[in-house]
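> The amino acid sequence is not available; the structure is as follows:
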């Protein structure tokens, strides 16, 4: 078994306009940085016929209608709401992202892949069941978790989110669902202004750790070693999903956390060890944020080397 890397040129078609941080260039630099890695199997995803049904595992019909109504518009950038940009290709690209993440779940759970990384856009973790938010259209990782629970009857799916922004949409989706353990480390006081330690879920299945601006490698590793990893092991996951945002790197301008490439290597290595112990190594990692192109490319590479 090996690591599957999901990438498709159609992900570039989601047009966010000039100078938007969540641009197609993000995937281009990632794809370029991974060409030198041996053992990585690139997979070209296809949009599944049931992709809309997958979206409905998490999202309302009203949200789907809002995304779809602009599908045929001839303009380049046609609507903005809640820090979301929709272009003519967005509805189709967002469905491809959902299909990709669910296929990765299939391949990892059935043993065709050891683990997987999904280089998809738009990202997902800010999208709530009823609203697209924060550059996110559909919540890719929440849909993937819901799909794994429904199709494979999993009882314990863990989602680890190390993006610099709180995964509010993922939390909202699973706040009352004890089958999902959701943990987020994020910078305090920035978008989406949620993720307090008191937000614990109905059954204590939510663990938020907000970090002060300037938090460094030592503090980050202590948080995971002392707080998150013990709770994750106690949960005994059958599958680990990673909301892999890389905007907590010190060079990224959308946050003020001071992580280094070695920190992404370290946290991934530790998650792989936990996955090997509890769920036969089953990990699906899904791209979220990361907006300074050089640091994004190198952070993703550090992450995938440990998956390999």
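Structure received. Note that this is a predicted model, so its numbers are computed, not measured.
> which stretches of the stretch 51-200 of the chain have low pLDDT?
Low-confidence segments of the stretch 51-200 of the chain, defined by pLDDT under 70: 70-82.
> let's go with 90 and repeat that
Applying pLDDT under 90 to the stretch 51-200 of the chain picks out residues 66-88.
> got a list of what residue 44 touches?
Residues near residue 44 by Cβ atoms under 8 Å, 6 or more residues apart in numbering: 7-8. To be clear about C-beta, it is placed using only N, CA and C from the backbone, and glycine gets the same treatment.
> Give me the pLDDT value at it.
At residue 44, the pLDDT value in this model is 96.
> For it, give its distance to residue 99.
12 Å (Cβ to Cβ, to the nearest Å).
> Tell me, how many residues neighbour residue 65?
9 (other Cβ atoms under 10 Å).
> Confirm that it sits in a helix.
Yes: the assignment for residue 65 by DSSP: H, G, I helix; E, B strand; the rest coil puts it in a helix.
> That one and residue 258: what is the separation?
Counting by Cβ to Cβ - residue 65 and residue 258 are separated by 42 Å.
> how many neighbours does residue 234 have?
The burial count for residue 234: 9, using other Cβ under 10 Å.
> Same question for residue 19.
Neighbours of residue 19 using other Cβ under 10 Å come to 6.
> now swap in the one 5 residues further on and tell me
Taking other Cβ under 10 Å as the neighbour definition, residue 24 ends up with a count of 15.
> Then residue 152?
By other Cβ under 10 Å, neighbour count at residue 152 equals 15.
> Okay, the residue nearest to it when sequence neighbours are not counted and residue 137: tell me how far apart.
Excluding its sequence neighbours, the residue lying closest to residue 152 (Cβ to Cβ, 6 or more residues apart in numbering) is residue 109, at 5.5 Å. Distance check for residue 109 against residue 137: by Cβ to Cβ, it reads 25 Å.
> Looking at those two, which is more packed in?
residue 137 (29 against 19).
> ok, now how distant is the residue lying closest to that one once chain neighbours are set aside from residue 68?
The shortest distance from residue 137 to any non-neighbouring residue, by Cβ to Cβ, 6+ apart, is to residue 94 (4.1 Å). From residue 94 across to residue 68, the span is 10 Å (Cβ to Cβ).
> neighbour count winner among those two?
For the pair residue 94 and residue 68, the greater number of neighbours falls to residue 94 (28 against 16), based on other Cβ under 10 Å.
> next SSE after the helix or strand where that one lies?
Secondary structure from DSSP states H and E places residue 94 in helix 90-109. Using DSSP H and E, the helix or strand that directly follows helix 90-109 along the chain is strand 115-118.
> Can you name the next helix or strand after that next one?
helix 140-152.
> from the chain's centre, how far out does that next one sit?
Distance of helix 140-152 from the chain centroid (Cα atoms, centre = their mean, to the nearest Å) equals 13 Å.
> Run the angle between that helix and helix 90-109 for me.
50 degrees (axes from the mean of the first three to the mean of the last three Cα atoms, to 10 degrees).
> neighbouring strands for the following helix or strand past helix 140-152, and are they parallel or not?
Using DSSP H and E, the helix or strand that follows helix 140-152 in sequence is strand 157-161. Strand 157-161 has its sheet partners listed here by DSSP bridges as strand 180-187 (parallel), strand 239-244 (parallel).
> wait, which of those strands is closest to residue 85?
strand 239-244 (20.6 Å; Cβ to Cβ).
> Let's test this: mean pLDDT of the closest one, rounded?
pLDDT averaged over strand 239-244 gives 99.
> Buried residues, that strand. List them.
239-244 (16 or more other Cβ atoms under 10 Å).
> Show me which of those is closest to residue 297.
For the buried residues of strand 239-244, the nearest to residue 297 is residue 244 (13.2 Å; Cβ to Cβ).
> How about that closest one, nearest residue that isn't a chain neighbour?
Residue 244 sits nearest to residue 285 (Cβ to Cβ, 6+ apart), 4.7 Å away.
> May I ask you to confirm that that neighbour is in contact with residue 239?
No: at 11.8 Å, residue 285 and residue 239 do not qualify as touching, with contact defined as Cβ atoms under 8 Å.
> what's the helix or strand hosting residue 275 packed up against?
Using DSSP H and E, residue 275 sits in helix 261-278. The contact analysis (3 or more Cβ pairs under 8 Å, 6 or more residues apart in numbering; DSSP states H and E) places helix 261-278 against helix 217-223, helix 229-235, strand 239-244, strand 283-287, helix 293-307.
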